[in-house]
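Trainee: coordinates for the following, if possible.
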Amino acid sequence: MKPASPGMEAARRLLRWLDTINSAKGARAGTLALADQLAASATNFLTGVIVGRACAPQEFGLYMLGFSIVFLAMRLQTALISTPYMVFSPQLTEEERKKFAGSILVHQFGITALAMVALVVAGIVIRALKSPHDLADVLFALTFAIGFILLRDFVRNICFSHLNFMAAFFLDCGIGVVQICGLLGLARVGLLAAHSAFLVIGAACGLAVAVWFLSSGALLAVRRREVVPTFRRNWQFGRWIFASGLLWESGLSVYPWILTFFHGTLATGVWAACFGVVALGNPLLLGMQNYLGPRIAHAYVDFESAAMRGFVMRSSLYFTLATLPIATVIAVAGGFLVILVYGEKYAGHGSVMLILALGLLLVPVRFALARSLFAMDRALLECATNLVPLVVLVTLGIWLVKSFSVIGVAFGLLLGDLLVTVAKFVVFELVLRTAEGRVDDAALD
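Mentor: Model (predicted):
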């Protein structure tokens, strides 16, 4: 019997929450959860298509730079707000849950304030340096939009944690309708640009969030004395998850900025189009990750080390086989798909799509190994492995981008993905063998 650890206890709590979903109303809840993910993914994808087709590649590049900032902010929010609330809230009484939700709302405003200050300062500096490409305008627009985008994610997490998938579905559908209509309207009158796209996104999220707070604000109760203790608990729980995610997201998000520095936003727009086509596989990948992650946690709670190893390896294999058809289509027809989705101005990048397709096949193995380390309460070790892509970025990635432009970004990311997957596998094996050694020693005693 393995001793309980914080990671195992968190896994058990999450599993109990998932078991609730899989009860009598499980099928309906699962369908709504999938429908919501499809609605959110479709909105993001269509937004990129509208901006990419209606604007010049330079504007599309600016749009991607802006969203790289949003992803970083959302990574912080997920680790310190969303994940702790999802794990801990099912164990609380209704009144305690309201206080918990009120406290993390205050934390949410704190994260938003930090992001807005950073964006304003960055915009002022870039404007003072008279940087081209209107990057400052994008940062100022994001200053308005990012608060509402993050609040939208906060509200979705509250809905999921309360198993109210219907509310999340209508929230995301409403945002999608307003956002897509607003973008198409701006495109029709010739006013669509990267900065105006973010203004529309922010307005759509703000409207939907306001409706939710008016109808469901009673789910939150702010108590000043609860704010600091809740933050300490969330930080204790999520700090390594945050550090791991930040390292990983940094390795991915820095490349477009380096590409812009050396080759301008035209090249970044091309990269955005190629990356956007690969994102067509996100609904399947995210759905399988949502299923596989809890199953891995369950395997560690229930199985011995050898069985745990076999479960993770089999899961990685099945997940990879499920991803193979998508990767094959992207490898063979990726260049055509880029033109079909975003237009002729993005032609001639089939080789980039081939490299991205190879990287896509590494996602299942990397995900399974990462979630296994989290379940085994080895978040620090998992975090350390995510230094590998940053090392690749500093040692070879910058040179690859400078020398080969867009295809250099694809090569840099593929090399980082390959090496970090190997690193996670090595750490995973060491942790399991250490656990097996302890079991053998205990048996001898």
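Trainee: helix, strand, or coil at residue 163?
Mentor: Under DSSP: H, G, I helix; E, B strand; the rest coil, the three-state class of residue 163 is coil.
Trainee: moving C-terminal of the helix or strand where residue 71 lies, what's the next helix or strand?
Mentor: For residue 71, the host element (DSSP states H and E) is helix 57-77. In the C-terminal direction, the helix or strand that comes right after helix 57-77 (DSSP H and E) is helix 83-88.
Trainee: starting at the chain centroid, how far to that following helix?
Mentor: A distance of 17 Å separates the centroid of the chain from that of helix 83-88, by CA atoms, centre = their mean, to the nearest Å.
Trainee: packing partners of it?
Mentor: helix 6-21, helix 94-128, helix 135-161, helix 224-278 (3 or more CB pairs under 8 Å, 6 or more residues apart in numbering; DSSP states H and E). Heads up, the C-betas are built off the backbone N, CA and C, glycines and all.
Trainee: in the second one, which residues are buried?
Mentor: It stands for helix 94-128. Across helix 94-128, burial judged by 16 or more other CB atoms under 10 Å covers 97-108, 111-112, 115-116, 119, 122-123, 126.
Trainee: where does the prediction get shaky in the stretch 101-250 of the chain?
Mentor: 131-133 (pLDDT under 70).
Trainee: now the angle from the helix holding residue 71 to helix 135-161?
Mentor: Inter-element angle recorded for helix 57-77 and helix 135-161: 40 degrees (by axes from the mean of the first three to the mean of the last three CA atoms, to 10 degrees).
Trainee: flag every buried residue along helix 57-77.
Mentor: Burial within helix 57-77, assessed by neighbour count using 16+ other CB under 10 Å, is assigned to 57-70, 72-77.
Trainee: name the helices or strands packed onto that helix?
Mentor: Identification of packing neighbours for helix 57-77 by 3+ CB pairs under 8 Å, 6+ apart yields helix 26-54, helix 94-128, helix 135-161, helix 194-216, helix 224-278.
Trainee: now render those helices as CSV, adding distance to residue 296.
Mentor: Listed next are these as CSV, based on distance: least, CB to CB, whole Å:
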stretch, distance to residue 296
helix 26-54, 19
helix 94-128, 26
helix 135-161, 20
helix 194-216, 32
helix 224-278, 15
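Trainee: of the ones you listed, which stretch is the most buried?
Mentor: Burial of the helices and strands packed on helix 57-77 is given as mean neighbour count (mean count of other CB atoms under 10 Å); helix 135-161 ranks first at a mean of 22.
Trainee: from the contact counts, what lies against it?
Mentor: Partner elements for helix 135-161 (3+ CB pairs under 8 Å, 6+ apart): helix 57-77, helix 83-88, helix 94-128, helix 165-188, helix 194-216.
Trainee: OK, contacts around the closest residue to residue 68 other than its chain neighbours?
Mentor: Spatial nearest neighbour of residue 68, excluding adjacent residues (CB to CB, 6 or more residues apart in numbering): residue 253 at 3.9 Å. Neighbouring residues of residue 253 by CB atoms under 8 Å, 6 or more residues apart in numbering: 68, 69, 71, 72.
Trainee: the second one and residue 119: what is the separation?
Mentor: As defined by CB to CB, to the nearest Å, residue 69 lies at a distance of 7 Å from residue 119.
Trainee: joint contacts of these two?
Mentor: By CB under 8 Å, 6+ apart, the residues touching both residue 69 and residue 119 are 139, 142, 146.
Trainee: state the distance from the last one to residue 118.
Mentor: If I follow you right, that is residue 146. 10 Å.
Trainee: swap in the second one?
Mentor: Here the criterion is CB to CB. By it, residue 142 lies 10 Å from residue 118.
Trainee: mind checking how far the host helix or strand of residue 310 is from the chain centre?
Mentor: Assigned by DSSP H and E, residue 310 belongs to helix 305-342. The chain centre lies 18 Å from the centre of helix 305-342; the measure is CA atoms, centre = their mean.
Trainee: related to what we said a few turns ago, quick check, nearest of the contacts of residue 253 to residue 362?
Mentor: Nearest to residue 362 among the contacts of residue 253: residue 71, at 19.4 Å, using CB to CB.
Trainee: check contacts around the closest one.
Mentor: Residue 71 neighbours (CB under 8 Å, 6+ apart): 249, 252, 253.
Trainee: can you do 6 Å?
Mentor: The contact partners of residue 71, taken as CB atoms under 6 Å, 6 or more residues apart in numbering, are residue 249.
Trainee: next one: the one 10 residues further on
Mentor: Counting by CB under 6 Å, 6+ apart, residue 81 makes contact with 104, 107, 108.
Trainee: how far away is the first one from residue 77?
Mentor: So that's residue 104. 10 Å.
Trainee: same question for the second one.
Mentor: Between residue 107 and residue 77 the distance is 9 Å, computed by CB to CB.
Trainee: what's the answer for residue 360, then?
Mentor: Residue 360 sits 26 Å away from residue 77, going by CB to CB.
Trainee: now do residue 391
Mentor: As judged by CB to CB, residue 391 and residue 77 stand 27 Å apart.
Trainee: residue 402 reaches residue 262, doesn't it?
Mentor: Yes: Residue 402 is in contact with residue 262 according to CB atoms under 6 Å; the separation is 4.8 Å.
Trainee: what touches both of these two?
Mentor: By CB under 6 Å, 6+ apart, no residue touches both residue 402 and residue 262.
Trainee: stretch 384-397: how far from the chain's middle?
Mentor: 19 Å.
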